[in-house]
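In: Test case, fold it:
(2 chains)
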Amino acid sequence: MNPIFLLVVILIPLLGGVLIPFLPFRSRKQFEIYTEVVVIMASALVFLLMLKRPSDPFTLIYFTGDLTISFRMDGLSMVFGGMIAFLWPFATLYAYEYMRHEHNPVGPRHERSFFCFYTMTYGITLGIALAANMLTMYCFYEMLTLITVPLIMYTMSREAILATRKYMYYSLGGAGFAFIGLIFMIVYGNINFQYGGTLNPDLIGNRKNLLLLIYVMAFFGFGVKAAVCPLNSWLPQAGVAPTPVTALLHAVAVVKSGAFAILRLTYFCFGITFLRGTWAQYLVMTAAMITIVYGCSRAVKETHFKRRLAYSTISNLSYILFGATIMTPLGLTAALAHMLFHGIMKITSFFCAGAVICQTGRTYVTQLDGLGKKMPRVFGIFALSSFALMGVPGLCGFISKWYLASAAFESNQVLACFGVGALLISAILTAIYMLTIVIRAFFPKQGFDESSLEGIHDPGLYMLIPLFVFSAVIIYFGIHSVSLLDFLTKVGNGLI
Amino acid sequence: MSVLLLPILLPVLFGIVLLICPEKWFAKKDTGRKKLCILAATALVLTGLLVVRTLFLKDVGEYYILFYLTRKLPVQFHLDGIGKIFATVISVVWLLAGIFSFEYTKHEHKEKRYYGFYLILYGVLNGLCFAGNLVTFYLFYELMTLVSMPLVLHEQTREALIAGLKYLFYSFAGAYMVLFGLFCLSRFCLSNTLTFGAGGILDPTLVEGHETLLLVTAFLMILGFGVKAGMFPMHAWLTAAHPIAPAPASAVLSGVIVKAGVLGVIRVVYYLFGTQFLRGTWVQYTWLTLALLTVLMGSMMAYLEKGFKKRLAYSTVSQVSYILFGLALMEPAGFTGAVLHSVFHAIIKCALFLTAGAVIYKTGKKNVDDYRGIGKEMPITIWSFTFISLALIGIPPASGFISKWYLAAGALESGIRGFAYAGPVILLISALLTAGYLLPITVRGFLPGADFDYTKLEKKEPSALMTVPLVILAVLAVLLGMFPNGLAQMISRIAAAVM
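Out: Numbers count the residues shown, from 1 in each chain, chains lettered A, B, ... in the order given. Model prediction:
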């Protein structure tokens, strides 16, 4: 397939989104159909590109030397891009119904610009996925921060503005550190992504420790988006955004971009042969392990529904980072598996939370008593996603945890074995903070006043269809993951 | 293959139907309840028959794979002696407790939900017995916790909710300790799908140099399954959850679900690690200590406790550690005693909780001190209770005597320094305490004393639906003690195969 389509697939949602405020839509229905078509076209093209991969990269701009903006579809791109492409149409559908209920102080124009930025974010995330070198990825990474700012700020409340400011400072600051990594890659190697790393051993000489330090800086720089300790306080605060934003962006697109960038940095830039066994590996692995336990602990104490899920995301992202810091091919496979599965599980949980907020306006976990009887489908699916996050076998979460633990034990490093311990502690904490919600909903205390639940019912089809589809995927990959995991193992070994 | 899958799927399907069918199917006052009970009874009897059918099959050598979770983790089923024994006991207890509950739940709410989860749990437990490898076992173990939780929480009072959550989190903590083993072990085994093999599946060449890791893993797994079996120090959930559930649910929780933990320990020690690896290690000694500690502590707390159901819960804590002690000895006689006691205790504890249920149902009194004269009000119930108590204390010819005999013999044979004598001594003290916490109920029930007001007595015998299961269980408890040879021989053969 012609490499130009790599650019086209990024431009479709970008241009399609930019046009939204300018096109004269005669009704909401027209506008909904237009946006959904744009998103589906882009997703279809992504899947087509995955099936018929262009063998060459596409270069958009040549700067000097080998500094270019180019795009390529390799194994990692297929995984991240495929996940985004699958989830975005459903998220857009969900957002339609959600935004209809959301108290909108400014009216339809405001909503149009929401979807303008929402769709453009799709294009930019694809840009990160398809980036063929560090410079391209860095450019789109910065653009991602900027394009998501209006989305977090949407409600224009004081909390939203403060949350957005924090997000911007953290993200732009983090990207600055990542930029330093980019510069050193240009000097000591080559910015093109290549499995195994592109550092030139002759140029390194005795500056190994310097380069390790740069790696750690870049890791934490990208790690801001990936919510690694101690740089993750922006994420729970960003829960103030409307649920389609928190769900898709802060559980899937933005945070997974951070994790994706770290995977690229570790396996495709610096390379695991350079990094493995060094103090840098131990440092970043420890950071990941601390975040795993930290995220879950904060989640248990948190009573705000979406913030609890945000802390859960922080913890789960570090599962991916833990897999990445194991620095073996199996580690990469495990990280990718968890990236995919957690994306689905978390987006399901957030969508359920959003449906509850939409229908009842209740945002705190303590207000959810007895709702399971009135919204059985939503809470049933939430229960399913809880079991999946906990790692009950038969659902996809177990599979990715299995691979993470296998990678940890196979790597023969003592620290990795402690990492498995962190995973297990996190599992029991996950059980606590997810199941207490499920139990409250289905088994309210005796003497509970049912009349306070008048008029509450399950949300409409636009919200339920994505939920059902995602549940089916969670169950499917729980019991039949062999083909997908074989593909991911090949990607992990650099064969795709 | 279907022989193994049907007993699992049938009750699960019935249970799911019950859970999702609309309320109005069973809405009519009496006929609605009758329909519900008949449906549940059909499911129980059919499944029971299917399970009994497996008893007559020879030990099937093959392992049936249902599907692969990942390349190295198949969901696998297998029929062997231990599985058959546990499955049969589960079926007997489940049927009898089910019949009892048809009468008991008349005063409960949300019966449809109760029976739905009751049946699904039955299927899941059968899956546990027929599990052929660690992953399948772990899958059903997690499902079992999730599905039994609504039974604990059933009353939905504040205490019930707290007890249910405690149950959930202790159980999951235990399950995740086992998960550590699941993650760690496959690299060291002959079969990398962690399929159970009699005598253990560790590959000695691969184990070289990693003994510490493997011993820690074994200990974590024993502790993890020990949570479900109520071993000190993770027994706290048991004394909160078992009393608070409705009586037939307590009966199956104490009688059968704790045995799931025991089955897990058997599988880990005898079918995964193998006694050769664990005998004489710190793991064995720590395990023996914890088990004996629990035996003593459980009996003492039961003796001091005045609430009837909580007393029985402490009794469970103590008795199941008899079983764990027998398993920890890693001797054929100890193993035989342990498995025999699993069977007998399941029957006995089920009957004890059903008695408690009958008494509370009819009189509303929950404290042991209020049971004076109860034998005259409910003679059949309390006579059955008496025979069951004798069986638990271990008075020949009732069943408890046989299992304790084997346990003591196993302890003495093992010759482990200190434990060989401490074991039987502690078992004896515990037997005395057991008599202390069970017999006074009978004695004061039939012989309330001269200062008792006999005019206050009324006939309160519960209906046949409640008394018949009790009588059957009492008869079983005594008969199995008088004619234990068939069972004991079957278990001895299994013991020989694994050691």
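
In: is it true that B:Ser414 touches B:Gly337?
Out: No - using C-beta atoms under 8 Å, B:Ser414 is not in contact with B:Gly337; the gap is 11.6 Å. From N, CA and C alone the C-beta is placed, and that goes for glycine too.

In: so who does the closest residue to chain A within the stretch 1-150 of chain B touch?
Out: When scored by C-beta to the nearest C-beta, the stretch 1-150 of chain B has B:Leu139 as its residue closest to chain A, at 4.0 Å. By C-beta atoms under 8 Å, 6 or more residues apart in numbering or on different chains, the residues touching B:Leu139 are A:Val392, A:Pro393, A:Gly394, B:Val75, B:Gly127, B:Ala131.

In: ok, which residues in the stretch 301-450 of chain A are in contact with chain B?
Out: Neighbours of chain B within the stretch 301-450 of chain A, by C-beta under 8 Å from any C-beta of the partner chain: A:387, A:390-394, A:398-399, A:402-403, A:405-406, A:408-410, A:417, A:420-421, A:424, A:427-428, A:431-432, A:435-436, A:439, A:443-446.

In: For PyMOL, write a command that selects the buried ones of those.
Out: Remark: buried members of those, expressed as a PyMOL selection using 16 or more other C-beta atoms under 10 Å in any protein chain shown:
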select buried, chain A and resi 387+390+391+392+393+394+398+399+402+403+405+406+408+409+410+417+420+424+427+428+431+432+435+436+439+443+444
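
In: Cross the residues of the stretch 301-450 of chain A next to chain B against strands and list the overlap.
Out: Using DSSP state E, no member of these falls in strands.

In: Sort out for me which of the residues of the stretch 301-450 of chain A next to chain B are in helices.
Out: Among those, the members found in helices (DSSP state H) are A:387, A:390, A:398-399, A:402-403, A:405-406, A:408-410, A:417, A:420-421, A:424, A:427-428, A:431-432, A:435-436, A:439.

In: is stretch A:468-482 up against chain B anywhere?
Out: Yes - between stretch A:468-482 and chain B, judged by C-beta under 8 Å from any C-beta, the touching residues are A:Gly478, A:Ile479, A:His480, A:Ser481, A:Val482.

In: Same drill for B:Ser414 and B:Gly337, tell me which one is more crowded.
Out: Set side by side, B:Ser414 and B:Gly337 show more neighbours around B:Gly337, with 31 against 20, by other C-beta atoms under 10 Å in any protein chain shown.

In: any idea which element the more buried one lies in?
Out: helix B:332-363 (DSSP states H and E).

In: residue in the stretch 201-350 of chain B nearest to chain A?
Out: B:Leu213 (7.5 Å).

In: Which strands or helices does the strand or helix carrying A:Phe219 pack on?
Out: Using DSSP H and E, A:Phe219 maps to helix A:208-223. With contacts defined as 3 or more C-beta pairs under 8 Å, 6 or more residues apart in numbering or on different chains; DSSP states H and E, helix A:208-223 has these neighbours: helix A:158-188, helix A:254-263, helix A:272-275, helix A:279-301.

In: what mean pLDDT would you report for whichever helix or strand comes after it?
Out: Next in sequence after helix A:208-223, counting helices and strands by DSSP H and E, comes helix A:234-237. Mean per-residue pLDDT for helix A:234-237: 90.

In: ok, now which ones touch the residue most central in space within chain B?
Out: What sits nearest the mean C-alpha location of chain B, by C-alpha atoms, centre = their mean, is B:Val256, with 2.7 Å. For B:Val256, the contacting residues are B:Val89, B:Ile90, B:Val93, B:Trp94, B:Leu125, B:Ala346, B:Cys350, by C-beta under 8 Å, 6+ apart.

In: now do A:Lys256
Out: Here A:Lys256 is in contact with A:Phe80, A:Met83, A:Leu317, A:Ile320, A:Met339, A:Gly343 (C-beta under 8 Å, 6+ apart).

In: out of the residues you listed, who has the most neighbours?
Out: Neighbour max across those (other C-beta under 10 Å) = A:Leu317, 31 neighbours.

In: Isn't that one up against A:Ala227?
Out: Yes - using C-beta under 8 Å, A:Leu317 makes contact with A:Ala227 at a distance of 5.2 Å.

In: Quickly list what's touching both of those two.
Out: Counting by C-beta under 8 Å, 6+ apart, the shared contacts of A:Leu317 and A:Ala227 are A:Val255, A:Gly258, A:Thr291, A:Gly295.

In: Next, find the distance separating the nearest residue to the third one once chain neighbours are set aside from A:Ile262.
Out: I take that to be A:Thr291. Among residues not flanking A:Thr291 along the chain, A:Ser318 sits closest, at 3.8 Å (C-beta to C-beta, 6 or more residues apart in numbering or on different chains). Taking C-beta to C-beta, to the nearest Å as the measure, A:Ser318 falls 11 Å from A:Ile262.

In: Mind checking which of the two has more residues around it?
Out: More neighbours surround A:Ser318 than the other of A:Ser318 and A:Ile262, with 33 against 28 (other C-beta under 10 Å).

In: In the stretch 51-200 of chain A, what residue comes closest to chain B?
Out: For the stretch 51-200 of chain A, C-beta to the nearest C-beta, closest residue to chain B: A:Val79, 17.1 Å.

In: and that residue, what element?
Out: Following DSSP H and E, one finds A:Val79 within helix A:75-101.

In: any idea which helix or strand comes after that helix?
Out: Next along the chain from helix A:75-101, counting by DSSP H and E, comes helix A:108-130.

In: that older thread, list the buried ones in the helix holding B:Gly337?
Out: B:332-362.

In: same thing with stretch B:18-31?
Out: Buried residues in stretch B:18-31 (16+ other C-beta under 10 Å): B:Leu18, B:Phe26.

In: centre of the chain versus that stretch, how much separation?
Out: The chain centre lies 31 Å from the centre of stretch B:18-31; the measure is C-alpha atoms, centre = their mean, to the nearest Å.

In: which outside residues touch it?
Out: B:32-33, B:35-36, B:39-40, B:111-113, B:115-117, B:119-120.

In: List the contacts of residue 312.
Out: Using chain A here. For A:Ser312, the contact set (C-beta under 8 Å, 6+ apart) comprises A:Gly295, A:Cys296, A:Ala299, A:Lys346, A:Ser349, A:Leu389, A:Thr430, A:Tyr433, A:Met434.

In: I was after chain B.
Out: With C-beta under 8 Å, 6+ apart, B:Leu312 has these contacts: B:His242, B:Pro243, B:Ser250, B:Ser254, B:Ala302, B:Lys349, B:Leu352, B:Phe353, B:Ala356.

In: do the same with A:Phe90
Out: With contacts defined as C-beta under 8 Å, 6+ apart, the neighbours of A:Phe90 are A:Ile465, A:Pro466, A:Val469, A:Phe470.

In: Output the residues of stretch A:468-482 next to chain B as CSV; include the columns secondary structure.
Out: Output for the residues of stretch A:468-482 next to chain B, formatted as CSV (DSSP: H, G, I helix; E, B strand; the rest coil):
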residue, secondary structure
A:Gly478, helix
A:Ile479, helix
A:His480, coil
A:Ser481, coil
A:Val482, helix
